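Visitor: Prediction below, plus the sequence it came from.
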Amino acid sequence: MHGQSVHLLPEAWAMRHEVLASLFAPLGLNWLALEGDGVVVVDKPAGIASIIGEGHGSGDLVSRLEAVRGETLRCPQPLDAACSGLVVFAQAGKASKALAAAAEGGHLVDRWLALTTGRRAVDGVLEHRVEKSGRGLVAKECRRGAANAVTRVRVLERGPGGTLVELIVERGRPAQLRAQLAAAGAPIVGDRERGGAAARRLMLHAAQMTLPRSLGGETVRRAEPDELLARIASAQDAPPDSIREITVRLRSAAVRRFGLARVRSAGTAAADGTATTTAFRVANAEGDGLPGLALDVYGDYLVAHLYPDRLPVTEDQVLDALGGLGAAGVYVKRRRAQSNDLVDTRRDDVAPAAAVRGDSAPDELVVFEEGVPYLTRLGDGLSTGLFLDQRDNRRRVREWARGQAVLNLFAYTCPFTVAAAVGGATRTVSVDAAGPALDTGRANVEHAAGPGAHEFRKGDAFVALDAAKKRGEGFGLVIVDPPTHSTTRGSRWTSGKAWVDLAGRCLGVLADGGKLLACSNDRRMTQRVFRGHLEAALAADGRRGRVRLYDPPDDFPPPPGEGAHLKTGVIELG
């Protein structure tokens, strides 16, 4: 099938490999804690929203339950996505009204567990005045009788990883717990905003719930999550110590991607505004508790990014486990923490051209991202031609491109141009120094959007910007996504303060009222510093505007205690 393109509709993708599809199950094993009389109680893992509106990547519990049960459910008292533990859902009718009344009168969860940072947590009662601030809830000391938040604390266990406490809310709402513990000098592990120790998740768990008497008054209990118990004994999240534990964590990460993996009919829209997606990240290394292993799905195929020096087991053990997940084939990309010394990323010992488990994909594989088709090559070196962490930004480009002239710099294989063309851009210009990448980009755009006013310019992005400004060209949307380091005949680029000059040049061809989408994968640079560079460029430009930052997609959680690798900033003029 050399040189051919395979364009699988999403229905076919789901049907060909049901085993792979089952990896993204709506409900994990043992999630259901109670079911009956119009009520469902779920033991929710951390990282999954209770209701629609907290992000579609993980797939909220309401949508998951409705997909399984085929009925509309209501959640009277949602549990924050960051927490784990018991949350109740009800059918419309008597059960829903009873739960809503109980939630209005107080709270349904009557026992919480938290792992607090350090050893300062003590038995006693916390009384505070909790108020909203720009950073969320803040607990303040108050005079006797003026507290609107009262929580009873009992120490259960102390260890190197923190202090395990039982929490009972006597006045107020569960949302106050994080603020109260932080005010007491014992922030919850994982609550980095309030000074908690770094962790993959917030160590707060809803451990016990009592239903209203009209629904039987049953008390539901669930044991502490293994990850909470394990963290008590260690000041850091413990890495997996066996291939079995790696597989467990991998499957847990995959279940969290249910919202991305839901199969929908081609071309239709879902309730949350998304369409079919068949390419996304299944597990993001340390961010999902899997050091040395990141895993992507591309239709029927898996692509594993391995950092051999960080893997706790052998590479063959990992690949054998991945081969058993039901994919048509598994590709491997062997990476190093610093890959600048790699002369040829297509070497077989770095990125084999063929699948290392199962069958190889066609040379050109079409995958879908929110209903838009993109051409990929799974066996073409370390890159596949589509950076999956830019999915949300491509959606933004589709939304912003209608009726606009769009300039795409450092365009590579032009996925941003595809998004702009599909979104209704009147004209696109794509610039990249690599001719073969632009050739693929041209095919990419023609495949997704057909013929149109699309120009592909081979050359240095800085030279192209200067030439465009000299010609008086103006664009309503400019996209710039440079590598951290780049050298061409025309220029030399290193990310950092040089962003001020690059963003300024981009603004030089941006029309009034237009938008500049700037992206950086420079892991050394923080979001705050990146914003500062963009604000400096805007100030030097002299026009009115604002800078906004965006987080990466839900399937790319950062390692504990670290910021997101992808920084996205938008300068909007006017």
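Guide: Good, I have the coordinates.
Visitor: Ignoring the adjacent residues along the chain, who's closest to Gly124?
Guide: Val153 (5.7 Å; CB to CB, 6 or more residues apart in numbering). In short, each C-beta sits where N, CA and C put it, glycine included.
Visitor: Identify the bridge partners of that neighbour.
Guide: For Val153, the beta-bridge partners under DSSP bridges are Gly124, Leu167.
Visitor: Pull the number of nearby residues for it.
Guide: 22 (other CB atoms under 10 Å).
Visitor: That one and Arg120 touch, don't they?
Guide: No: the pair Val153 and Arg120 does not pass the contact test of CB atoms under 8 Å, sitting 11.1 Å apart.
Visitor: dump the residue contacts of the residue nearest to Gly124.
Guide: The contact partners of Val153, by CB atoms under 8 Å, 6 or more residues apart in numbering, come to Ala121, Val122, Asp123, Gly124, Val125, Leu126, Val165, Glu166, Leu167.
Visitor: distance of it from Val125?
Guide: As judged by CB to CB, to the nearest Å, Val153 and Val125 stand 7 Å apart.
Visitor: and stretch 445-459, how far apart are its ends?
Guide: 19 Å (CA to CA, to the nearest Å).
Visitor: what's it in contact with?
Guide: Stretch 445-459 is touched from outside by 5, 366, 372-375, 411, 414, 417-418, 421-422, 426-435, 438, 441-442, 464, 490, with contacts defined as CB under 8 Å, 6+ apart.
Visitor: domain ranges for this protein?
Guide: 5-9+239-367, 25-224, 387-573 (automatic domain parsing).
Visitor: ok so, going back, among the contacts of Val153, name the buried ones.
Guide: In the contacts of Val153, burial by neighbour count holds for Ala121, Leu126, Val165, Glu166, Leu167, counting by 16 or more other CB atoms under 10 Å.
Visitor: Just flag the most distant two among those residues.
Guide: Comparing every pair within the buried ones among the contacts of Val153 by CB to CB identifies Leu126 and Glu166 as the most remote, at 12.7 Å.
Visitor: could you redo the domains of the chain as JSON lines and give each row mean pLDDT?
Guide: As requested, the domains of the chain are arranged in JSON lines below (pLDDT from 0 to 100):
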{"stretch": "domain 5-9+239-367", "mean pLDDT": "84"}
{"stretch": "domain 25-224", "mean pLDDT": "90"}
{"stretch": "domain 387-573", "mean pLDDT": "95"}
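Visitor: As JSON lines, those domains with distance to Gly379 would be great.
Guide: Listed next are the domains of the chain as JSON lines, based on distance: least, CB to CB, whole Å:
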{"stretch": "domain 5-9+239-367", "distance to Gly379": "4"}
{"stretch": "domain 25-224", "distance to Gly379": "27"}
{"stretch": "domain 387-573", "distance to Gly379": "14"}
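Visitor: Can you say which of those is nearest to Ile232?
Guide: Among the domains of the chain, domain 25-224 comes nearest to Ile232, with 4.0 Å by CB to CB.
Visitor: so how far is that closest one off the chain centroid?
Guide: Taking the mean of its C-alpha atoms, domain 25-224 sits 22 Å from the chain's own mean (CA atoms, centre = their mean, to the nearest Å).
Visitor: And for stretch 403-415?
Guide: 24 Å.
Visitor: Mind listing what's buried along that stretch?
Guide: So, applying 16+ other CB under 10 Å, buried residues of stretch 403-415: Gln404, Ala405, Val406, Leu407, Asn408, Leu409, Phe410, Ala411, Tyr412, Thr413, Cys414, Pro415.
Visitor: Name the SS class of Ala467, please.
Guide: When states are read from DSSP: H, G, I helix; E, B strand; the rest coil, the local structure at Ala467 comes out as helix.
Visitor: What is the burial count for it?
Guide: For Ala467, the number of neighbouring residues by other CB under 10 Å comes to 15.
Visitor: any idea how far it lies from Val509?
Guide: Separation of Ala467 from Val509 (CB to CB) stands at 10 Å.
Visitor: residues contacting Val150?
Guide: By CB under 8 Å, 6+ apart, the contact list for Val150 reads Val125, Leu126, Glu127, Val169, Glu170, Arg171, Gly172.
Visitor: Next, give phi and psi for it.
Guide: The phi and psi values for Val150, taken as degrees, to the nearest 10, are phi -130, psi 120.
Visitor: And the one 10 residues further on, by the same measure?
Guide: Backbone dihedrals for Pro160, given as degrees, to the nearest 10, come out at phi -60, psi -30.
Visitor: For it, give me its contacts.
Guide: Ile232, Ala233, Ser234, Ala235 are the contacts of Pro160 under CB under 8 Å, 6+ apart.
Visitor: and with 7 Å instead?
Guide: Residues counted as contacts of Pro160 (CB atoms under 7 Å, 6 or more residues apart in numbering) are Ala233, Ser234, Ala235.
Visitor: Then Pro352?
Guide: Under the criterion of CB under 7 Å, 6+ apart, the neighbours of Pro352 are Val332.
Visitor: Take the contacts of stretch 445-459 and keep only those in strands.
Guide: With strands identified by DSSP state E, the entries of these that belong to them are Ser5, Val366, Val372, Pro373, Tyr374, Leu375, Arg427, Thr428, Val429, Ser430, Val431, Asp432.
Visitor: Quick check, the third one in contact with Val422.
Guide: Think Val372. Yes: Val372 is in contact with Val422 according to CB atoms under 7 Å; the separation is 5.4 Å.
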